[in-house]
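Undergrad: Please find the sequence and the predicted model below.
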Amino acid sequence: MTVLVTGAAGFIGMHVAKALLDRGERVLGIDNLNAYYDPALKLARLAEIEGRNGFSFDRLDFADRDAMAAFDAAHPDIDRIVHLGAQAGVRYSIEQPFDYLQANLMGHLVMMEMARARVSRGLKHFVYASSSSVYGANREIPFSVDDRVDRPMSFYGATKRANEAMSYSYASLYGIPTTGLRFFTVYGPWGRPDMSPWLFTDRILNGRPIEVFNHGQMRRDFTYIDDIVAGVVAALDHPPAGSAESPPIATYNLGNNSPVALLDYIKVIEAACGKPAELIMKPMQPGDVLETYADIEASRRDLGYQPTTLIEVGIPRFVDWFKRYHAI
């Protein structure tokens, strides 16, 4: 049987597809290769897994109902779905909210409809990407899956919270085994160019200043890609059973469970680059939050999830990859 991975040319999607291939799975990837950032990076990621035994790829927009209906009919052997594709980016969601409406709401609905149609044909599990952004203005630290998530600070966070509500309704109505994963600031090789590891590394290596928001008074639960992938694969292997009282749905945090002060994080990047950074202090940006911190008790208990990579290890790996990718 086959695992469908949406967003297979994305940062997390490529790594998840690779991990599944490494353990002998057949993987079908889809991605529309949009221009939110340079598609050349997405194509380079795909080149890492294309040609692998068991992998095939279709360039496809999962928010396109007709295209997905045809795709669904052509691939009857899909028995698990890992829906990682989305329009990402907190700040960009303020500038282009309709992109998020289409990809994250319509796209999620199309994928849930695909899952619904396959339940009677043996679909084992529908796993999808949520985000720590759903916690928004939550003041409880660390963020627990039992906390309130009805005060998103960004439209991106709002769409991800809507995905969770939509998924609950479909799991309840149709008995779809469903798991949502709230990712916390994922970084590592092949990461996105709109994320701080890429932005800071690029500017430091090229002698340009970096902007530090809220004057550096922020903390993030930076989570290395290998730890995230281990959590995604573990979640895929543990579909929730549900009961007479509750639908077969689960939600987990996947974070490092160890927030790092922004200025300390920058110091680690400086050390990995071998150059000091010039800092330009800026006020808090719209949509940002002061701190993210994942409570991973549930994911540790149910999935055996245990992140192991400190930023002192993960950041140098990213910087080394960045230099190779850019031939620096």
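TA: Thanks, I have it.

Undergrad: Okay, strands next: where are they in the stretch 151-300 of the chain?
TA: Secondary structure of the stretch 151-300 of the chain (DSSP state E, counting those that start in this stretch): strands at 178-183, 186-187, 210-213, 219-220, 223-224, 249-254, 260-261, 279-282.

Undergrad: From the contact counts, what lies against the second one?
TA: For strand 186-187, the helices and strands in contact under the criterion 3 or more C-beta pairs under 8 Å, 6 or more residues apart in numbering; DSSP states H and E are strand 223-224, helix 225-236, helix 311-325. Yep, even glycine has a C-beta here, placed from its N, CA and C like the rest.

Undergrad: quick one: which of the strands of the stretch 151-300 of the chain is nearest Val27?
TA: Val27 lies closest to strand 178-183 among the strands of the stretch 151-300 of the chain, at 17.8 Å (C-beta to C-beta).

Undergrad: Next, the residues that contact the closest one from outside, please.
TA: Strand 178-183 is contacted from outside by 12, 115, 125-132, 134-135, 143, 145, 163-164, 167-168, 170-171, 223, 228, 231-232, 235-236, 238-240, 247-255, 294, using C-beta atoms under 8 Å, 6 or more residues apart in numbering.

Undergrad: Now do that strand against helix 225-236, angle only.
TA: In terms of direction (axes from the mean of the first three to the mean of the last three C-alpha atoms, to 10 degrees), strand 178-183 departs from helix 225-236 by 170 degrees.

Undergrad: what does the average pLDDT come to for strand 178-183?
TA: Here strand 178-183 scores 98 as its mean pLDDT.

Undergrad: That strand pairs with which strands?
TA: strand 125-131 (parallel), strand 249-254 (parallel) (DSSP bridges).

Undergrad: one step back: among the contacts of strand 178-183, the buried ones, what's the PyMOL command?
TA: A single PyMOL command selects the buried members of the contacts of strand 178-183 (16 or more other C-beta atoms under 10 Å):
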select buried, resi 12+115+125+126+127+128+129+130+131+132+134+135+143+145+163+164+167+168+170+171+223+228+231+232+235+236+238+239+240+247+248+249+250+251+252+253+254+255+294
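
Undergrad: Take the helices and strands packed on strand 186-187 and lay them out in TSV including mean pLDDT and distance to Gly7.
TA: Shown next, in TSV, are the helices and strands packed on strand 186-187 (pLDDT from 0 to 100; distance: least, C-beta to C-beta, whole Å):
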stretch	mean pLDDT	distance to Gly7
strand 223-224	98	17
helix 225-236	98	12
helix 311-325	98	20
